[in-house]
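**Q** Sequence first, then the predicted structure:
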Amino acid sequence: MADFATFKAHFKGDIVTPDDADYPKAIARWAINAQRRAKVVAFVRDEEDVRAAIKYARDSDLSIAIRGGGHNPAGASSSEDGLVIDLSRYLNNVKVDPEKRVIYVGGGALWDVVDKEAIKHGLATVGGTVNHTGVGGLVLGGGYGWLSPKHGLAIDNLVQATVVTADGSILVASNAENPDLFFGIRGGGCNFGVVTEFVLRLHPQRKTVYAGIAVFPPPMLENLVGVTQKWREGAGEKEAMMQVMTLGPDGKASNFLISYAIDTFIHKCLQFAILLILFYNGSEAEGRENFKAFLDLGPVADFTKEIPYEELNELQNQAVFHGQGIYMKGIAHREPRYENINKAFDHIQKVSGPDFKANILFEYFTLAKISAVPTDSTAFRRDPTASILVLVMWKEDTKENSDRAKSVAHELADLVVEGQHGVSPTQIMGYSNYDPEAVAEKKEIVSDKAKAVFADNYPKLQEIKKRYDPDSIFNKWFPITPA
């Protein structure tokens with residue numbers, strides 16, 4: 001057993017245990033159901049602190065979790081009776097190099113800081129569509145964003161990373177240095193170590209974009225699906241869209257995925273709605289012309305306009321706030337089918353209420369740029385299918401609500417994908433960062449799921465795991481079994 005007093009005395013950051021007053025805040029997460037009672041939370045200041053925390057955990061036989069933004073509702077950043085290496089307090093800064101067009105990002109930084117700092121220089125990178133998400137989890141899991149149609153996944157814009165591995169080595173991972181490790185972290189999550197810094201490629205970005213939310217009533221669903229099918233056939237690299245089937249509590253908009261003051265309007269007019277979150281990387285006039293077919297359908301409310309680029313990834317923040325129960329399940333489809341979506345929307349209306357809300361988000365990002373990257377060049381599984389997120393949220397943190405959320409999410413997922421053709425079982429699983437089985441109590445279940453998630457890349461990842469983490473101390477997200 002390692003000496004805790006010695007560990008704490010030589011640790012430059014902050015150590016928090018259950019006896020400390022700030023312990024509840026230290027273990028709090030975005031989703032209340034992702035919270036776990038860690039034995040030790042280590043707020044690291046640098047790579048040496050990370051190395052010391054890994055050593056102490058190993059010597060004390062404590063399981064390790066890594067926290068960046070704490071956004072995984074399955075609990076990947078938490079550890080019951082274990083040690084959490086928390087990057088969020090000190091390793092959260094960013095620095096832009098406008099000449100090299102890169103941004104240096106601390107492993108615990110959030111996307112809002114990245115967006116706001118980069119755009120000061122007229123630059124941007126592919127980031128999360130909810131800007132209080134941590135950079136680390138999104139990048140290491142792949143990373144879709146509004147700019148993906150033009151610039152690919154977040155991992156496609158990762159230039160290099162600094163990684164502390166299981167034996168305490170501090171390594172640079174890039175195409176030039178430790179390329180096998182670089183392959184692994186681009187989609188392989190936290191399987192290979194603690195990433196303390198990301199270097200991301202930046203691209204020229206106009207200061208304002210056309211974006212916002214158009215609200216449609218349920219009877220418009222069939223027309224929307226038809227227009228969506230035609231739009232997707234010619235969608236280009238400057239545009240993207242999300243479609244959300246949802247409910248506001250008490251019929252109000254305060255928890256719709258809407259950032260504008262329309263509470264009174266929705267309260268009077270609608271309880272359930274279909275929200276189109278539109279994005280066009282251009283002026284309002286260009287955006288309205290681009291999405292004319294949708295707007296001509298006659299939304300009951302149109303809150304799209306030209307906004308500062310850095311506000312784009314804030315559009316959903318008001319709904320997906322911290323401190324509520326959250327269950328996410330990812331699925332995918334090749335094209336929207338009205339019959340399936342209508343059944344799912346009917347089910348949403350049956351199961352949802354003010355304290356328990358089911359939502360389905362259809363993410364329509366053109367995939368040509370992403371699919372152009374060879375599948376065997378990164379760990380990430382690249383599928384030619386649109387990502388769908390079933391998102392269930394609830395107020396009271398009870399096991400009953402958690403179990404119900406899981407059941408409802410799977411019911412909705414089944415309704416959406418039922419009868420699909422030309423989609424493999426692996427593709428139907430959807431985006432790995434949306435998978436609720438990334439963390440499981442039964443290791444054999446999540447191990448089998450890892451094989452499916454990484455598909456043909458799994459054997460190579462097993463070899464990389466053997467080299468950098470042969471004892472599998474990093475095992476909180478689709479743990480890879482070493483070769």
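**A** Good, I have the coordinates.
**Q** how about the residue positioned nearest the centre of the chain, secondary structure?
**A** Centroid-nearest residue in the chain, with Cα atoms, centre = their mean: Leu138, separated by 4.9 Å. Judged by DSSP: H, G, I helix; E, B strand; the rest coil, the three-state class of Leu138 is helix.
**Q** any idea how far Ile185 is from it?
**A** According to Cβ to Cβ, to the nearest Å, Leu138 stands 13 Å off from Ile185. Heads up, the C-betas are built off the backbone N, CA and C, glycines and all.
**Q** Mind pulling up the pLDDT for the residue nearest to the centre of the chain?
**A** Listed pLDDT for Leu138 reads 98.
**Q** just checking, what's the longest helix in this structure?
**A** Longest helix of the chain, by residue count under DSSP state H: helix 399-417.
**Q** any weak-confidence spans in the stretch 101-250 of the chain?
**A** 248-250 (pLDDT under 70).
**Q** all helices of it, in order?
**A** Remark: helices assigned in the stretch 101-250 of the chain by DSSP state H, counting those that start in this stretch are 111-119, 135-140, 148-151, 179-185, 221-234.
**Q** Same check on the stretch 301-450 of the chain?
**A** 338-351, 368-371, 399-417, 425-428, 443-454.
**Q** which of the ones you listed has the lowest average pLDDT?
**A** helix 443-454 (a mean of 77).
**Q** I'd like the next helix or strand past that one.
**A** Under the assignment DSSP states H and E, the closest C-terminal helix or strand after helix 443-454 is helix 458-468.
**Q** Can you name the residues in contact with that following helix?
**A** 165-166, 180-181, 183-184, 188, 191-193, 376, 379, 450-451, 454, 472, 480-483 (Cβ atoms under 8 Å, 6 or more residues apart in numbering).
**Q** Same question for stretch 361-377.
**A** Contact partners of stretch 361-377, identified using Cβ under 8 Å, 6+ apart, comprise 144-146, 148-153, 156, 183, 228, 232, 235-237, 239-244, 336, 381-382, 384, 386-389, 391, 456-457, 460.
**Q** Next, Ile15: phi, psi?
**A** phi -110, psi 130 (degrees, to the nearest 10).
**Q** Now do Ala455 against Ile155, distance only.
**A** 16 Å.
**Q** ugh, wrong one, Arg29
**A** From Arg29 across to Ile155, the span is 24 Å (Cβ to Cβ).
**Q** So which of the two has more stuff around it?
**A** Ile155 (25 against 22; other Cβ atoms under 10 Å).
**Q** residue contacts, the closest residue to the more buried one other than its chain neighbours?
**A** Once flanking residues are discounted, Ile155 sits nearest to Arg186: 4.0 Å by Cβ to Cβ, 6 or more residues apart in numbering. Contacts for Arg186 (Cβ under 8 Å, 6+ apart) come out as Leu140, Ile155, Leu158, Thr378, Ala379, Phe380.
**Q** In terms of pLDDT, where does the fifth one sit?
**A** By that I understand Ala379. 98.
**Q** what residues are up against it?
**A** Going by Cβ under 8 Å, 6+ apart, Ala379 touches Phe183, Gly184, Ile185, Arg186, Gly187, Gly188, Phe454, Asn457, Leu461.
**Q** What distance do you get for the fourth one to Ala379?
**A** So the one you mean is Arg186. 6 Å.
**Q** Then the first one?
**A** Applying Cβ to Cβ, one obtains 6 Å for the distance of Phe183 from Ala379.
**Q** and what of the last one?
**A** The gap separating Leu461 from Ala379 is 6 Å, by Cβ to Cβ.
**Q** Any idea how many residues pack against the spatially closest residue to Glu197 that is not a sequence neighbour?
**A** Using Cβ to Cβ, 6+ apart and skipping residues adjacent in sequence, the residue nearest Glu197 is Thr162, 4.3 Å away. When counting by other Cβ under 10 Å, one arrives at 21 neighbours for Thr162.
**Q** Thr162 touches Leu87, doesn't it?
**A** No: assessed by Cβ atoms under 8 Å, Thr162 is found out of contact with Leu87, at 11.6 Å.
**Q** Which parts of the stretch 201-350 of the chain are strands?
**A** Using DSSP state E, counting those that start in this stretch, the strands of the stretch 201-350 of the chain run over residues 203-204, 208-216, 239-247, 272-280, 301-302, 305-308, 325-333.
**Q** Throw those strands into CSV and include mean neighbour count and distance to Glu400, thanks.
**A** Listed next are those as CSV, based on neighbours: other Cβ atoms under 10 Å; distance: least, Cβ to Cβ, whole Å:
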stretch, mean neighbour count, distance to Glu400
strand 203-204, 12, 47
strand 208-216, 23, 32
strand 239-247, 23, 20
strand 272-280, 24, 24
strand 301-302, 18, 35
strand 305-308, 15, 40
strand 325-333, 23, 11
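**Q** TSV for these, including distance to Asp403?
**A** TSV is the format used below for the strands of the stretch 201-350 of the chain (distance: least, Cβ to Cβ, whole Å):
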stretch	distance to Asp403
strand 203-204	44
strand 208-216	32
strand 239-247	20
strand 272-280	24
strand 301-302	35
strand 305-308	40
strand 325-333	10
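**Q** which one of those lies closest to Glu396?
**A** Among these, strand 325-333 comes nearest to Glu396, with 7.5 Å by Cβ to Cβ.
**Q** quick one: contacts for the residue nearest to Arg37 when sequence neighbours are not counted?
**A** Nearest-residue entry for Arg37: Glu80, 6.1 Å, with adjacent residues in sequence omitted and distances by Cβ to Cβ, 6+ apart. By Cβ under 8 Å, 6+ apart, the contact list for Glu80 reads Arg36, Arg37, Ala38, Ser63.
**Q** which of these has the most neighbours?
**A** Ala38 (25 neighbours).
**Q** what's the spacing between that residue and Ser63?
**A** From Ala38 over to Ser63 the distance is 9 Å, taken as Cβ to Cβ.
**Q** Mutual contacts of those two, please.
**A** Ser79, Glu80, Asp81, Gly82, Leu83.
**Q** What's the local residue count around the closest residue to Lys120 other than its chain neighbours?
**A** Distance criterion Cβ to Cβ, 6+ apart; nearest residue to Lys120, sequence neighbours excluded, is Val96 at 7.4 Å. Neighbourhood size, Val96 [other Cβ under 10 Å]: 19.
**Q** Please consider this matter closed, and thank you.
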